[in-house]
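Trainee: Whatever this is, show me its structure:
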Amino acid sequence: MKIGILQTGHAPDALVETSGNYDQMFRSLLDGHGFEFETYAVLDGQFPSGADAADGWLITGSKFGVYEDHAWIPPLEDLVRAIDALGQPLIGICFGHQIIAQALGGLVEKFEGGWAVGRVEYQQDGQTLALNAWHQDQVTKRPEGARVVAGNDFCTNGILAYGDTIWTLQPHPEFSTEFVAALIEKRGRGVVPEAILDAANNGLDQPLDAAKIATFMADFLKKERA
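Mentor: Model prediction:
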C-alpha cells in the first residue's frame with residue numbers, strides 16, 4: 001500500500017541529522033506495517049498529480065499556521081477535499097489536523113489559552129492517552145460531520161474523525177522524547193513562555209502511547225472500506 005506523505009514543514013536544521021525530517025519520522029513510526037512511502041514537500045510546491053496518486057495519505061506538522069497567506073495552502077486544501085471526495089484514508093497530525101478541519105469548513109485559531117508543549121494527556125472513552133504536543137493553534141470550530149474522539153479541558157478537539165476515512169490528531173505521536181527535549185532548546189526558547197518549557201522538560205521521563213497510536217494509524221490506513 002502506497003502512502004503519500006504531504007510534508008508541510010521541516011524539522012530545524014540542527015535536529016535533522018539526529019532525528020530526521022518530519023516525513024522520515026513518520027516512516028519510522030509506521031515502519032514494519034508493509035507500507036511504501038512517497039513524500040511530497042507541498043510547502044516547497046511539490047504536489048502529487050492528484051488524489052489518486054497514493055492509496056492513503058498523511059499530512060505532517062508545520063511551524064506555519066493554516067490561516068497564514070502561503071501560496072501552497074489553497075492547493076493543499078483543494079487536495080484534502082479531493083481525497084475526501086474519493087473516499088481515501090487520510091490522517092492529519094497537528095498542522096495536518098488543522099488544515100483538514102479548515103478545508104472541510106471548520107475554524108482554526110491561535111488559541112487564547114496559549115501553548116501546549118511536551119507530554120499531554122487526552123481522554124478517550126474514559127481512558128487516558130498520553131502523547132507529545134507542540135502547538136498554540138487549535139481547531140476551535142469543528143467541520144460539520146466531524147466527531148471528537150479524544151480531548152481534554154485545554155484542547156477539546158484533540159482527535160477528530162470524519163466518517164471512517166479521515167482521522168486527525170493535534171498532538172505528535174512521531175515526536176520522540178529526545179526530539180521534544182531538543183526542540184525546546186532550538187525552537188522553544190524566546191517563543192514559548194519559560195514556565196511552559198520548564199514544565200515540559202520536567203515531564204519528559206513519563207511514558208507515552210506513541211506505539212499504540214502508530215498501530216492504530218497503520219490499521220486505519222489499511223482497513224477494508226466499502
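Trainee: ok, the residue nearest in space to the middle of the chain - contacts?
Mentor: Geometric centre of the chain, nearest residue: residue 93, 0.9 Å, by Cα atoms, centre = their mean. Applying Cβ atoms under 8 Å, 6 or more residues apart in numbering to residue 93 gives the contacts 26, 58, 59, 60, 61, 168, 169, 171, 172, 173, 174. (Each C-beta comes from the backbone N, C-alpha and C, glycine too.)
Trainee: List the contacts of the helix or strand of the chain with the lowest mean pLDDT.
Mentor: Scoring the helices and strands of the chain by mean pLDDT, DSSP states H and E places helix 13-19 at the bottom, with a mean of 89. Residues outside helix 13-19 that contact it (Cβ under 8 Å, 6+ apart) are 10, 11, 25, 176, 178, 179, 182, 183, 186.
Trainee: For residue 31, the count of nearby residues, please.
Mentor: Here the number of neighbours of residue 31 (other Cβ atoms under 10 Å) works out to 12.
Trainee: Looks to me like it is in a helix.
Mentor: No. Under DSSP: H, G, I helix; E, B strand; the rest coil, residue 31 falls outside any helix and is assigned coil.
Trainee: can you pull the pLDDT of it?
Mentor: As summarised for this prediction, residue 31 has a pLDDT of 97.
Trainee: in stretch 15-35, what's buried?
Mentor: The neighbour-count check on stretch 15-35 (16 or more other Cβ atoms under 10 Å) flags 15, 19-27, 29-30, 35 as buried.
Trainee: Same question for stretch 127-135.
Mentor: Those would be 129, 130, 131, 132, 133, 134, 135, for stretch 127-135 by 16+ other Cβ under 10 Å.
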